[in-house]
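Enquirer: take this sequence and fold it.
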Amino acid sequence: MESLERCIETRAGDFTERGCSFLGCRVVVCGQINNVVHLVHSPIGCAYYSWDYRMDARGYCFTTDMDEMDIVFGGEEKLLKAILKAIDEFNPDAVFVYETCSTGIIGDDIQAIAKKAYELTNVPVIAFQCAGFRGRSQNFGHKIACTSIFRFINNENRKPIPNSVNLIGDFNKKDSKILEKLLNEVGIRVLCTFTANATIEKIRNMVNAELNLVMCSKSSAFLAELMEESFGIPYLEVNFFGFENCCNSLYRISEYLDANVERVVEDASWIKMVTDKYREKLEGKRVFICHGAQRAVYWIKPFEELGMKVAGIATHFGIELSDFDGLVVDNISSDELEELIAKLSPDLIVSDDKVRHIAHKMAVPFFNGRGQNTGYAGFEGFLNFAKDVVGIFDQKIWRLTRYDFSL
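Expert: Residues are numbered from 1 along each chain as shown. Got it, this is the predicted structure:
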């Protein structure tokens, strides 16, 4: 397991295109936990990503709004008052305090303040030392979040529940609902989805699972490794996106747990027949994927099942694809992305909203791969996915626009 303390040299421009450690901790991993107050110890600008990046963000996000006087004289007293005020006003299950670059540089001891606030209120206060400069990208923030939240998991009364799992690395509430329903159908109980729709109590009970299912290894395999080392709970990396991936993952899970997979797969066969009809409209169309590493891997097979060809992939964290012979570019800048799109001339761009404006400017149909309006995981999700992809091409606007890729 890679050490959390590993230091990787940064390069000029890294943070202009990638998210920082703070974003990886606060927004990617922690933001979906229910009934938690997120307190960003920073000038107000660092609290920009509060709810708009992930639509399933839960709870409340506040900032201590550090000003020049606070930077000069320190903001520990201000932080303590903010924590106590948040607990009094919102009665949360926990308060998450996030260090940022400015408060990390001046040396505010957020760990000591968190401990003092807990002693005064008996409400858990977790301090995340996730200043943006602490890592080369947001991936380091993922590890900080997993390591800190791991302290909530209680091993004192471990009582493994038969046929139970945790879904680790699922941050879409709609996907988690579909997957919980699917796993229940095969006879498996989901104790916690980390972190889509998680609660502090559910996180504490993660210790009772027989198996951990890791959906995003880049963000959360670190937590599964900690649980295997500390509690002996094995973990399995799974992919529930696309019909074939979903079948394969269910059969692999059945090797560990008692799961009635054959019946569920047979019952879902009608979905494959429906999506095969959508394939007639999508056959031969070329798609360009620009996502974080794990999401990019997810989408290759589903698009191929719809008859589409993945023309290229751009990521921000680096991936190894032994079974993909197309173009893969890592750490791409906005200018490079436009140049690559112009060169590949794809029929569809798949990304999140950070790339939407580039796709629209270049008059290329855009598809949000995060599934903000519906879930794309599982058999049911694959049907939603196929419908939405076809729906993109059915929009008349794309027949009225064009972009000169020769420019």
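
Enquirer: in this structure, which spans are strands?
Expert: Remark: strands of the chain, listed N- to C-terminal, are 36-41, 60-63, 94-99, 125-128, 164-170, 189-195, 211-214, 235-237, 286-290, 309-315, 327-330, 348-351, 366-368; assignment by DSSP state E.

Enquirer: so for Leu223, which of those strands sits nearest?
Expert: Judged by C-beta to C-beta, the one of the strands of the chain that comes nearest to Leu223 is strand 164-170, at 5.9 Å. Any C-beta I mention is one placed from the backbone N, CA and C, and that applies to glycine too.

Enquirer: what does the closest one rub up against?
Expert: Under the criterion C-beta atoms under 8 Å, 6 or more residues apart in numbering, residues 176, 179-180, 183, 188-196, 206, 208-217, 219-221, 223-224, 235, 253, 257, 294, 377 lie in contact with strand 164-170.

Enquirer: drop anything exposed from these.
Expert: By neighbour count, with 16 or more other C-beta atoms under 10 Å, the contacts of strand 164-170 hold 176, 179-180, 183, 188, 190-196, 206, 208-217, 219-221, 223-224, 235, 253, 257, 294, 377 as buried.

Enquirer: sketch out the low-pLDDT regions of the stretch 201-350 of the chain for me.
Expert: By pLDDT under 70, the weakly predicted segments of the stretch 201-350 of the chain are 317-322.

Enquirer: now do the helices in it.
Expert: With DSSP state H, counting those that start in this stretch, the ranges of helices along the stretch 201-350 of the chain come out as 217-231, 243-254, 261-267, 269-282, 293-305, 334-344.

Enquirer: dump those helices to a markdown table, plus distance to Asp108.
Expert: Rendered in a markdown table, the data for these read as follows (distance: least, C-beta to C-beta, whole Å):
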| stretch | distance to Asp108 |
| --- | --- |
| helix 217-231 | 26 |
| helix 243-254 | 44 |
| helix 261-267 | 52 |
| helix 269-282 | 53 |
| helix 293-305 | 33 |
| helix 334-344 | 34 |
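
Enquirer: out of these, flag the one nearest Asn155.
Expert: Of these, the one closest to Asn155 (C-beta to C-beta) turns out to be helix 217-231, at 5.7 Å.

Enquirer: which elements pack onto that closest one?
Expert: Packing partners of helix 217-231 (3 or more C-beta pairs under 8 Å, 6 or more residues apart in numbering; DSSP states H and E): helix 138-149, strand 164-170, strand 211-214, strand 235-237, helix 293-305.

Enquirer: export these to CSV and append columns for distance to Asp335.
Expert: Rendered in CSV, the data for the helices and strands packed on helix 217-231 read as follows (distance: least, C-beta to C-beta, whole Å):
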stretch, distance to Asp335
helix 138-149, 21
strand 164-170, 31
strand 211-214, 34
strand 235-237, 34
helix 293-305, 20
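
Enquirer: out of those, which is closest to Leu337?
Expert: Smallest distance to Leu337 across the helices and strands packed on helix 217-231 (C-beta to C-beta): 13.5 Å, for helix 293-305.

Enquirer: going by neighbour count, which residues in that closest one are buried?
Expert: By 16+ other C-beta under 10 Å, the buried positions in helix 293-305 come out as 293-303, 305.

Enquirer: please apply the same query to stretch 258-265.
Expert: Buried residues in stretch 258-265, counting neighbours by 16+ other C-beta under 10 Å, are found at 259, 261, 264-265.

Enquirer: swap in stretch 105-121?
Expert: Going by 16+ other C-beta under 10 Å, stretch 105-121 has these buried residues: 108, 110, 113-114, 116-118.

Enquirer: and the strands of the chain as JSON lines, adding distance to Ser21?
Expert: As requested, the strands of the chain are exported to JSON lines (distance: least, C-beta to C-beta, whole Å):
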{"stretch": "strand 36-41", "distance to Ser21": "13"}
{"stretch": "strand 60-63", "distance to Ser21": "17"}
{"stretch": "strand 94-99", "distance to Ser21": "9"}
{"stretch": "strand 125-128", "distance to Ser21": "9"}
{"stretch": "strand 164-170", "distance to Ser21": "18"}
{"stretch": "strand 189-195", "distance to Ser21": "17"}
{"stretch": "strand 211-214", "distance to Ser21": "21"}
{"stretch": "strand 235-237", "distance to Ser21": "24"}
{"stretch": "strand 286-290", "distance to Ser21": "22"}
{"stretch": "strand 309-315", "distance to Ser21": "18"}
{"stretch": "strand 327-330", "distance to Ser21": "19"}
{"stretch": "strand 348-351", "distance to Ser21": "22"}
{"stretch": "strand 366-368", "distance to Ser21": "25"}
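
Enquirer: which residues of the stretch 51-200 of the chain fall in helices?
Expert: Along the stretch 51-200 of the chain, the segments classed as helices by DSSP H, counting those that start in this stretch run 68-73, 76-90, 101-106, 110-121, 138-149, 173-185, 200-204.

Enquirer: closest to Lys277 out of those?
Expert: Set against Lys277 and scored by C-beta to C-beta, those come closest in helix 173-185, at 21.4 Å.

Enquirer: now for that closest one, which elements pack on it?
Expert: Secondary structure elements in contact with helix 173-185, counted by 3+ C-beta pairs under 8 Å, 6+ apart, are strand 164-170, strand 189-195, helix 378-394.

Enquirer: dump the ones you listed to CSV, plus mean pLDDT and distance to Val329.
Expert: Formatted as CSV, those follow (pLDDT from 0 to 100; distance: least, C-beta to C-beta, whole Å):
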stretch, mean pLDDT, distance to Val329
strand 164-170, 96, 24
strand 189-195, 95, 29
helix 378-394, 95, 23
